[in-house]
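Visitor: Sequence plus predicted model, see below.
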Amino acid sequence: MAFGVKTNERPGTRCVVRNVRMSAWKARVVLDLVRNKPVREAAEILAFTERGAADVVAKALTSAVANAVVNDGQQADELYVSACFADEGPTMKRWRPRARGRATRIRKRTCHITLIVSRYDDAELARRRASAAARGAARPVRSAAEARRRRVEASRSEAPVVEAEVIEETVIEEAAVEETTVEETETDAAETEEEAK
């Protein structure tokens, strides 16, 4: 019977966080999001994941990358999350009082989170760099300030100018209507004065 590589024999640089105060099931939901992802993309995913385990996994990822850079002399942009898993840790038993003098058990579960980062092989690195270069040549990278400036210019396009012209025309028409009503009022007042004489 042939088995795969054992858990403790997987290649790569690892970080293990022990006795995390949450269930392994909750941690596995987050770990499934970053498995086989590049380190930078995994960090972005964890930054915007609204789960409690995301903070712990993000710290483990940072630690694993630091271990790979400092201890193994690897470059951080060449790493990816090759394996990540959560094992059950010790369960703390607590008791809660219930009706009729009984008590029920509360299980406060813990877990051990393991995260392993490995370097891409040379062929995969060459492929990724070529695709990044092709994307960079097709679309120039813009700074945030330039993108903001372009959005502002786009918002000041033809449509607001047309709206301003329409508003100006309506103001002129309203002023003309007011002048005619003032003239009519003056003529009515003059006629009334003549009739009174």
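Guide: That came through, no problem.
Visitor: quick one, phi/psi of the residue nearest to the spatial centre of the chain?
Guide: By C-alpha atoms, centre = their mean, the chain has its centre lying nearest to F48, at 4.1 Å. Here is the backbone geometry of F48 (degrees, to the nearest 10): phi -110, psi 10.
Visitor: again with P90
Guide: phi -70, psi 140.
Visitor: for it, what are its contacts?
Guide: By C-beta atoms under 8 Å, 6 or more residues apart in numbering, P90 lies in contact with N19, T110. (Glycine included, C-beta is placed from N, CA and C.)
Visitor: ok, now with 7 Å
Guide: T110 (C-beta atoms under 7 Å, 6 or more residues apart in numbering).
Visitor: For whichever helix or strand V70 is part of, buried residues please.
Guide: Assigned by DSSP states H and E, V70 belongs to helix 52-72. Buried positions in helix 52-72, judged by neighbour count with 16 or more other C-beta atoms under 10 Å: A53, A54, V56, V57, A58, A60, L61, S63, A64, V65, N67, A68.
Visitor: likewise stretch 113-127?
Guide: In stretch 113-127, counting by 16+ other C-beta under 10 Å, buried: I113, T114, L115, I116, V117, S118, R119, Y120.
Visitor: same thing with stretch 83-98?
Guide: Buried residues in stretch 83-98 (16+ other C-beta under 10 Å): A83, C84, F85, A86, G89.
Visitor: Can you list phi and psi of T49 for me?
Guide: The phi/psi pair for T49 (degrees, to the nearest 10) reads phi -90, psi 120.
Visitor: typo on my end, it should be R10
Guide: Per-residue torsions, R10: phi -70, psi 140 (degrees, to the nearest 10).
Visitor: Touching, it and A83? I think so.
Guide: Yes. Assessed by C-beta atoms under 7 Å, R10 is found in contact with A83 at 5.3 Å.
Visitor: overlap in contacts of those two?
Guide: Here R10 and A83 share the contacting residues I116, scored by C-beta under 7 Å, 6+ apart.
Visitor: low-confidence ranges in this protein?
Guide: Applying pLDDT under 70 to the chain picks out residues 1-3, 137-142, 157-189, 192-193, 196-197.
Visitor: can you map out the helices along it?
Guide: 24-34, 39-47, 52-72, 122-138, 144-155, 158-196 (DSSP state H).
Visitor: Give me the contact list for the fourth one.
Guide: Going back to what we said before, that points to helix 122-138. Contacts of helix 122-138 (C-beta under 7 Å, 6+ apart): E78, Y120.
Visitor: Nice, that's everything, thank you.
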